Every structure is written in structure tokens, then in C-alpha cells.
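Engineer: what would the 3D arrangement of this be:
(one chain, ligands or ions: 1)
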Amino acid sequence: MLETQRLMEEADAFIRLLHRERQLEDSWRDQRITEIHAEIQSSGSYAHTVEELAYGAKLAWRNNNRCIGRLFWDSLNVIDARRLQTEEEIAQALLAHIELATNGGKIRPLVTALRPASPGNEEIRILNYQLIRYAGYESADGIVGDPDSVALTKRCMELGWRGAGTNFDVLPLVIQIGDRKPRWFKIPDEIICEVDIVHPEIASFSELELQWYGVPIVSNMRLEIGGIHYTAAPFNGWYMGTEIGARNLADQSRYNKLPQVAELMGLDRSRESSLWRDKALVELNVAVLHSFKRQGVSIVDHHTAAHQFGRFEENERAAGRAITGNWVWLIPPVSPATTEIFHRPFDNTVVRPNFFNQAPVPILTRS
Ligand code: ARG
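Structural biologist: From the prediction side, this is the model:
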């Protein structure tokens, strides 16, 4: 099928969906479809109105099968940053996103849509997985920082960035337009919200000197609405505690902190059957939730999130919509069988609009 024909079909499907859900006039739908076809015919692409972009982004969240937090899809804030052209302008918009989303700890779900890919327009990509994330350095005695960031950290250093070399150095923003050399921008410390991890009862927990950042802003996925590909559209909600306490700080391939937590809890690590890992895991998760609350930064525990997901499902049913979900991602990594989600199957059909993974930008040696 011709590229333009495919695009027209996807645009039509989106406009019809919008018309149906938002109870818009039939005349609006017919006119808008005619208009979009003409635009695609002449330019090879089309531009969403601000309303189409905003509602499309909400639908992308609502349709994302991996997300347990979808009850709040309709509260997504959308910033239209499509007019921005240069790396500097884009970096400024990303910094603004960090501040607006952080909101002094009362996190606002937010997406910033940059110019989508289109014929004659170079693709914008953010090379970071999240706008705020910790660097990882290979050293003679193992990895310092987040092992998951080693490749990007190397890349940043090739581009001239230098970190302090701690376990929690925030990486710079790295922006690439077309096949130009990526440009990096430091994020000012003042706008980064970080949480020191302490335990409500175990005082020695603070000796681990653990911390995490407050807002997860995923920045390497593609937002697809009506056939238009927003290759740079960073988005955030707030954390579910287990993402940090049961994965980022606990995974053996990440910060791997369970042995140290078990040590300060005085647990018997000589045999697996003492369940020292499980005990340490629970207390680490208690500490994460407690620390975020103590600092006034939004976070949700996995039981509450699972209840909220149940309400989302009820709402969707009431609206006459089918629910899709990815069981493997929806179940929490701590005590999954204590949540309703665990006990039934989900239809993992991918519905659009949605957020998609995209291939990393190939590294070119052009300067
Ligand atoms: N799991 C990722 C992390 O630990 C964040 C993914 C998005 N999470 C969210 N709550 N919106 O950093």
C-alpha cells in the first residue's frame, strides 16, 4: 500500500474515533477528513490540531497495555512544543517539562510533544531512556552507578560530558536531530527532585546512602496518533514504589542492594530458605514508600495501584470499551498474587493511539 494511503486510513480511523468519543458533529468529521486528505496529498503528511494532539496523547496512555496507572488517563497534561526547531530550544522545553511535572513534589502527569517525523523534516530523538536517570561507569572493581546506563554514559563522555563519578550522577539530556551530531545539555541541580531513602523503623538504613529521583519521564518512546509518529514525546506519571524498591535498587543487574539490606537487618544469608531476600525486599519497599511520602513526593504502592486499575476497568466497561492489557507487565514484582490482576488473563491486543518502543538511533560518525 502507498505510504500516503496508509496514512490517510490511519488518520481517518483516529478522526472517527475522536468524533465518536467526544460526540462531535458529523459535519466536523467529514470536513476534517477532507481537509486531512488534501494536506496529505500535497505535503505527504498532516498536522494535528492542539485538541487532536491532546486527546490522542490521552488515548495513547489509556491504550498502553503495560501500564497499571491508567485510571488517570484523562488527567494527562499535554504541552504542544511542535514549533521548536533547534537542539537548544528543545532542551529548554525538556527542562520546562521536568519543572512542570515535578510541581514541588505533587507530580503532574505530562507529555511534551515535539515536532513529529514528516517528509522533508529531520527526525528529532532524545537519546536518554528517561529525562532524569543515573549514569553508570565501568571500573576495575565493577560498575559505579546504574549498570543500565553504561552505554549512554559512554556516549555522553565521547561527546565531552564528564560526571562526578558517584553512584547517583544525573546524566545530561542528549538530543539528536536527523543525522547531526547529538548535543548534550546539563540539567540544573535545582530542578531535579531527589529522595533520600530512609526506613521508618530501621535507623541504620540511611547508612546505605540510597536515593532515587522523584519523576520517571520516559523519553525514548514513540507516540503514535492517527498515523503520525511523534519520535520525541517525553511523558511521565508518578512512580509505583516497586519500580524503585523491587527493580531499580534490587535487581542483581541494577543496584543489587538486597545483600546489604539483609546485612543491616541481621538476616541469615547462609541459606536461601531463610527467605532473607524476600524480607529485605519488603523492607526496602517500605523504605521507598516512606521516604517519598516523608518528602512530599507523589508515589503509589502496588496494592493501591491494583485497586485503581480495577476502577479503570470498571470505567472502561461502563463506557462500552474493551480492556486490553499485558499481564506480564501489569502484575507487580512484589507479592503479585495478592492483587486481583494476577488471577486472570488479559487481552494483549495493541490498539492505537499508543506509545511504542523505537529502535535506538544508529551511531553515525559524521561531525
Ligand atoms: N520502570 C521505570 C523506572 O523504574 C519507569 C517507567 C514508567 N513508570 C511510571 N510510573 N510512569 O524508572
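
Engineer: residue boundaries of the helices in the stretch 101-250 of the chain?
Structural biologist: Counting by DSSP state H, counting those that start in this stretch, the stretch 101-250 of the chain has helices at residues 150-158, 241-242.

Engineer: so which elements touch the longest one?
Structural biologist: Counting contacts by 3 or more C-beta pairs under 8 Å, 6 or more residues apart in numbering; DSSP states H and E, helix 150-158 packs against strand 136-139, strand 173-177. Where you see a C-beta, it was placed from the backbone N, CA and C, and this is true even at glycine.

Engineer: which other helices and strands contact the last one?
Structural biologist: Read that as strand 173-177. For strand 173-177, the elements it packs on are helix 87-102, strand 124-126, helix 150-158, strand 183-185, judged by 3+ C-beta pairs under 8 Å, 6+ apart.

Engineer: need the winner for burial among those.
Structural biologist: strand 124-126 (a mean of 24; mean count of other C-beta atoms under 10 Å).

Engineer: quick one: contacts of that one?
Structural biologist: Here strand 124-126 makes contact (C-beta atoms under 8 Å, 6 or more residues apart in numbering) with 90, 94, 114-115, 117, 173-177, 219-220, 231-232, 234, 361.

Engineer: among these, which two are most distant?
Structural biologist: Distance extremes for the contacts of strand 124-126: the farthest pair is 117 and 173 at 19.6 Å, using C-beta to C-beta.

Engineer: more crowded one of these two?
Structural biologist: Using other C-beta atoms under 10 Å as the criterion, residue 117 and residue 173 rank with residue 173 on top: 25 against 16.

Engineer: okay, and the beta partners of the more buried one?
Structural biologist: Residue 173 has these beta-bridge partners by DSSP bridges: residue 185.

Engineer: what sits up against stretch 131-141?
Structural biologist: 94, 97-98, 143-150, 152-153, 156, 163, 165, 167-171, 173, 187, 192, 213, 215, 217, 219, 234.

Engineer: put the buried members of the residues you listed into a ChimeraX selection.
Structural biologist: In ChimeraX, this line selects whichever of the contacts of stretch 131-141 come out buried by 16 or more other C-beta atoms under 10 Å:
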select :94,97,98,143,144,145,146,147,148,149,150,152,153,156,163,167,168,169,170,171,173,187,192,213,215,217,219,234
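
Engineer: of the contacts of stretch 131-141, list those near the ligand.
Structural biologist: Among the contacts of stretch 131-141, not one lies near the ligand by C-beta under 6 Å from any ligand atom.

Engineer: got the residues of the stretch 1-150 of the chain near the ligand?
Structural biologist: residue 130.

Engineer: so where is the stretch 1-150 of the chain shaky, pLDDT-wise?
Structural biologist: In the prediction, the stretch 1-150 of the chain carries no residues with pLDDT under 70.

Engineer: and the strands in it?
Structural biologist: With DSSP state E, counting those that start in this stretch as the criterion, the stretch 1-150 of the chain has strands at 77-81, 110-114, 124-126, 136-139, 142-145.
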